[in-house]
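Chemist: here is a sequence with its predicted model. Questions after.
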Amino acid sequence: MYRTPKDFMEYVKANNPGQPEFHQAVDEVITSVWPVIENNPKYQSANILERIVEPERSIIFKVTWANDKGEVNVNRGYRIQMNSAIGPYKGGLRFHPSVNLGVLKFLAFEQVFKNSLTTLPLGGAKGGSDFDPKGKSEGEIMRFCHNFMLELSRHIGPNTDVPAGDIGVGAREVGYMFGIYKKLQNQFTGVLTGKGLNWGGSLIRPEATGYGVTYFAQEMLKTRNEDFNGKTVTISGSGNVAQYAVQKVTELGGKVVTLSDSDGTIYDSEGIDCAKLTYVMDLKNKRRGRIKEYTNEYKNAEYLEGKRPWGIECQVALPCATQNELSGEDAKTLISNGCYCVSEGANMPTEPEGVQVFLKNEVLYGQGKAANAGGVATSGLEMTQNSMRLSWTRQEVDTRLHEIMRSIHQTCVRYGKEGQYVNYVKGANIGGFVKVADAMIEQGVV
Ligand code: NDP
């Protein structure tokens with residue numbers, strides 16, 4: 001048994017050098033679950049800590065593809081199968097130049113606890129490539145996806161590992177990967193989620209993460225007898241999660257005033273209503289443009305070049321872009337501008353200093369593992385529908401999603417209550433951990 005979380009982190013750092021995001025993710029979980037380990041000798045004697053931070057399998061492969069000029073390119077593909085104690089591996093694929101082994105290990109590690117929180121039988125995994133989809137033609141995207149799946153297909157399957165989308169991987173990419181998988185295996189199975197509605201996809205899956213993060217914020221607000229009505233909300237990102245968070249917040253009576261991408265933020269003090277959201281969806285999903293173009297269409301809006309949304313006044317903030325996009329200073333600025341509720345659509349968007357600021361100031365702080373679990377939960381519902389070979393209605397899936405988000409909130413309250421305050425970080429980490437650790441023990445040393 002390690003004496004302190006710090007001792008254990010030294011082991012993790014020595015064993016996984018040069019992977020700061022992975023260290024950050026492990027540190028946070030270990031700090032939360034440490035008292036549980038200390039009070040339960042069974043976790044110590046089974047050496048659960050060392051076992052749970054080691055991926056069951058890490059697959060790294062070469063992806064070669066030709067661009068439109070016939071030039072041959074090489075990228076690196078990955079699949080990290082982290083833990084299958086409670087179900088087949090499940091987690092998204094990310095195509096972004098920042099992808100590397102450490103980033104995917106952090107995401108796969110988080111996924112294990114997130115999937116456990118959903119109440120569904122899903123193990124944890126993550127994968128992707130350092131391929132940059134920006135500026136690529138349709139043909140280039142398709143060829144890359146095909147060549148990526150040529151190798152990945154050997155390692156996944158509907159009862160083994162079921163990938164989905166993430167940054168840079170949406171319905172288009174899932175379609176290309178599904179097409180080649182089907183051809184290679186000669187089987188039409190639910191091997192990916194986020195599929196098109198006509199070929200096995202679930203209603204509400206595209207909306208699920210954005211809706212879920214909003215439902216989670218709604219549950220947190222309820223603990224203070226509040227709701228979204230009349231609240232000003234800042235959102236970062238302008239991709240899948242951000243778009244549907246705008247839609248749900250607006251439907252619940254909130255006013256979303258920002259969206260962003262990696263170049264900058266747009267600030268629309270009049271609010272991004274449904275008509276403006278339709279414009280954003282067309283801009284980002286069809287024309288693949290930059291968020292800056294919003295200000296050409298809506299002249300009242302400002303473009304803040306190179307800035308994130310956290311300097312804008314709001315009561316609720318929803319970080320929905322990427323990891324480490326909200327610093328300790330940003331957290332202080334948000335609080336001094338009146339923000340008291342933060343629900344994370346992205347994975348690990350808040351730096352550790354920011355997390356401490358939120359907790360110290362008793363902000364309603366819903367960490368990504370809990371708050372953005374609606375996406376994978378609805379992927380789980382897609383898998384169920386595929387197995388049963390039927391499709392549920394929009395209403396049915398949305399009701400189940402809403403129930404799952406409520407149940408995750410309850411789990412966080414159960415494990416995270418500290419007097420009057422709910423520490424959702426602690427609640428999510430312990431709630432997710434216990435189920436996986438117990439399953440590992442019950443399955444013996446494997
Ligand atoms: P998309 O690719 O649809 O959108 C990503 C958005 O984030 C884009 O606006 C992108 O801008 C921005 N972004 C990416 N990298 C950076 C960066 N380094 N700095 C600033 N902005 C950046 O991805 P999703 O919406 O699917 O995912 C967003 C987040 O939500 C990720 O953290 C993901 O892991 C998490 N998540 C997603 C789920 C899902 O179901 N899709 C489920 C659970 C979590 P740009 O175009 O400039 O790159």
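Modeler: Everything's here; your move. Numbers count the residues shown, from 1 in each chain.

Chemist: please count neighbours and contacts with C-alpha atoms only from this point.
Modeler: OK.

Chemist: what residues does this structure put near the ligand?
Modeler: Counting by Cα under 6 Å from any ligand atom, the residues of the chain close to the ligand are 165-168, 209, 237-242, 261-263, 320-323, 345-347, 372, 375.

Chemist: and those, which of them are buried?
Modeler: Neighbour-count burial (16 or more other Cα atoms under 10 Å) applied to the residues of the chain next to the ligand gives 165-168, 209, 237-242, 261-262, 320-323, 345-347, 372, 375.

Chemist: where along the stretch 101-250 of the chain do the strands fall?
Modeler: For the stretch 101-250 of the chain, the strands defined by DSSP state E, counting those that start in this stretch cover 124-129, 161-164, 232-235.

Chemist: may I have the second one as PDB, with CA atoms only?
Modeler: In this case it means strand 161-164. Extracted C-alpha coordinates of strand 161-164, given in PDB (Å, rounded to 0.1, in the frame of the first residue of the first chain):
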ATOM      1  CA  ASP A 161     -15.200  -2.700 -28.200                       C
ATOM      2  CA  VAL A 162     -17.700  -0.200 -29.600                       C
ATOM      3  CA  PRO A 163     -16.100   3.200 -30.600                       C
ATOM      4  CA  ALA A 164     -18.000   6.500 -31.200                       C
END
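
Chemist: helices or strands up against it?
Modeler: The contact analysis (3 or more Cα pairs under 8 Å, 6 or more residues apart in numbering; DSSP states H and E) places strand 161-164 against strand 89-95, strand 124-129.

Chemist: in that strand, what's buried?
Modeler: Applying 16+ other Cα under 10 Å to strand 161-164 flags D161, V162, P163, A164 as buried.

Chemist: other residues contacting that strand?
Modeler: Applying Cα atoms under 8 Å, 6 or more residues apart in numbering, the contact partners of strand 161-164 are 81, 88-93, 125-127, 155-156, 174, 190-194, 379.

Chemist: again, but for the longest one
Modeler: Here strand 124-129 makes contact (Cα under 8 Å, 6+ apart) with 75-84, 88-97, 99-100, 104-105, 107-109, 111-113, 115, 161, 163.

Chemist: now do stretch 421-438, average pLDDT.
Modeler: For stretch 421-438, mean pLDDT is 98.

Chemist: how far does that stretch sit from its chain's centre?
Modeler: 17 Å (Cα atoms, centre = their mean, to the nearest Å).

Chemist: over to stretch 254-269?
Modeler: That offset, for stretch 254-269, works out to 20 Å (Cα atoms, centre = their mean).

Chemist: pLDDT score for S45?
Modeler: 96.

Chemist: burial count for it?
Modeler: 10 (other Cα atoms under 10 Å).

Chemist: how far away is it from G427?
Modeler: 24 Å (Cα to Cα, to the nearest Å).

Chemist: domains of the chain?
Modeler: What automatic domain parsing lists as the domains of the chain is 5-52, 57-199, 202-446.

Chemist: of the contacts of strand 124-129, select the buried ones using a ChimeraX command.
Modeler: Here is the ChimeraX command that picks out the buried ones among these, judged by 16+ other Cα under 10 Å:
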select :75,76,77,78,79,80,81,82,83,84,88,89,90,91,92,93,94,95,96,99,100,104,105,107,108,109,111,112,113,115,161,163
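
Chemist: how about the helices in the stretch 51-200 of the chain?
Modeler: 101-117, 138-152, 171-185 (DSSP state H, counting those that start in this stretch).

Chemist: tell me what the residue lying closest to R79 once chain neighbours are set aside is bridged to.
Modeler: Nearest in space to R79, with sequence neighbours left out and distances taken as Cα to Cα, 6 or more residues apart in numbering, is G127 at 4.1 Å. G127 forms beta bridges with R79, L93, as assigned by DSSP bridges.

Chemist: may I ask which helix or strand encompasses Y365?
Modeler: Using DSSP states H and E, Y365 falls within strand 364-366.

Chemist: now the element after that strand, going C-ward?
Modeler: helix 368-371.

Chemist: other SSEs contacting that following helix?
Modeler: helix 101-117, helix 205-222, helix 394-416.
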